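# Next come a sequence and a model predicted from it.
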Amino acid sequence: MLNDGMILINTFEEPFGDEFGKGVWTELSGTASSSIQGNIVALASFNGEIRFSACTGFFIEWNGCSTVLTSTSLVRKSGYENMINKNLRIEVLLPTKQRVEGTLQHYNLHYNVALVSVKGFCASHPAKIQHLWNDHSCDVVAAGYCFKSGKLMAAREQFGRPVLLDCKYLLYSRCKITKAGIGGPLLDFDGRFIGMNFYGRDQGTPYLHWSVILCGLEHFKIEGQLLKLTMLVSHLICLAGLWLKIAVFG
């Protein structure tokens with residue numbers, strides 16, 4: 001690790017699993033393969049010209065538009081679990097290999113979930129995070145996308161069991177990924193979204209289940225509504241002050 005919380009560049013470029021077109025890719029349904037290819041992105045955060053962090057993200061349908069779901073590790077302040085670095089610039093490597101600017105839209109450090117918006121690009125079929133009642137006995141695939149090389153990867157394994165990690169209820173799969181896959185999707189072979197991957201060495205690859213992510217997204221929606229309400233109240237207070245001045249002074 002470098003000074004000022006900067007992280008070594010090569011930490012997030014290690015490939016895993018099968019490269020696109022090989023191995024597990026030949027076993028996926030057309031829907032699953034298309035979903036990964038059309039929605040996966042790689043993100044990197046920069047402090048000036050120095051790369052701070054990098055991870056994978058996935059376009060999802062949220063609040064009537066497509067936005068990138070990823071991990072707060074992209075912006076979390078090194079050494080401070082409950083803080084983000086607000087001075088970082090975000091770049092996004094799109095599925096088209098184009099690099100564009102991203103904007104941190106929402107984040108929740110408790111859930112380790114962030115939403116990043118991208119101007120000028122809209123995924124044609126963003127993933128829908130919804131209730132799945134039979135997601136306990138299927139093969140799954142974890143996907144990742146390297147920011148620097150543009151390498152698209154996937155690893156497969158059997159669906160995992162619950163495990164308690166750091167006092168947070170997560171699940172894990174035996175899909176072997178590297179840090180390049182942090183924030184990437186965990187899907188079944190039909191392309192249904194099951195969760196978002198993190199990185200672990202001991203018990204497998206931990207991931208945040210879709211049900212927990214839905215809670216986080218609902219929190220973001222309420223947060224946005226409260227912000228709009230606050231702005232409206234502030235605007236009304238300003239108008240009331242203006243009307244009062246007119247009434248008093250003519």
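Received the coordinates, thanks. Residues are numbered from 1 along each chain as shown.

# quick one, what contacts residue 129?
60, 61, 62, 69, 193, 210, 213, 214, 217 (C-beta atoms under 8 Å, 6 or more residues apart in numbering). C-beta coordinates here come from the backbone N, C-alpha and C atoms, glycine included.

# Just confirm residue 176 contacts residue 17, I think it does.
Yes - in this structure residue 176 lies within contact range of residue 17 using C-beta atoms under 8 Å: 7.1 Å.

# Overlap of the contact sets of the two?
With C-beta under 8 Å, 6+ apart, residue 176 and residue 17 have common neighbours residue 155.

# Compare the two (neighbour count), which wins?
The neighbour count for residue 176 versus residue 17, taken as other C-beta atoms under 10 Å, is higher for residue 17 (22 against 14).

# which residue sits closest to the more buried one in space, ignoring its chain neighbours?
The shortest distance from residue 17 to any non-neighbouring residue, by C-beta to C-beta, 6 or more residues apart in numbering, is to residue 155 (3.1 Å).

# What pLDDT is listed against the one you found?
As predicted, residue 155 sits at a pLDDT of 95.

# ok, residues contacting the host helix or strand of it?
Secondary structure from DSSP states H and E places residue 155 in strand 152-158. Here strand 152-158 makes contact (C-beta under 8 Å, 6+ apart) with 15-20, 23-25, 27-28, 36-37, 40, 139-146, 173-177, 180-181.

# and if you look at stretch 205-217?
In contact with stretch 205-217 (C-beta under 8 Å, 6+ apart) are residues 62, 69, 108, 111-113, 129-132, 135, 142, 163, 165, 169-177, 181, 186, 193-200.

# From those residues, keep the buried residues only.
For those, burial is judged from neighbour counts taken by 16 or more other C-beta atoms under 10 Å, and it is met by 62, 69, 108, 111-113, 129, 135, 142, 170-173, 175, 177, 181, 186, 193-199.

# Can you show me the CA trace of stretch 18-26 as PDB?
What follows is stretch 18-26, C-alpha atoms only, in PDB (Å, rounded to 0.1, in the frame of the first residue of the first chain):
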ATOM      1  CA  ASP A  18     -12.300 -18.400 -17.900                       C
ATOM      2  CA  GLU A  19     -11.800 -15.600 -20.400                       C
ATOM      3  CA  PHE A  20     -14.800 -14.600 -22.500                       C
ATOM      4  CA  GLY A  21     -15.600 -17.200 -25.100                       C
ATOM      5  CA  LYS A  22     -14.000 -20.100 -23.300                       C
ATOM      6  CA  GLY A  23     -14.900 -22.600 -20.600                       C
ATOM      7  CA  VAL A  24     -18.000 -21.600 -18.600                       C
ATOM      8  CA  TRP A  25     -19.000 -19.100 -21.300                       C
ATOM      9  CA  THR A  26     -19.900 -22.000 -23.600                       C
END
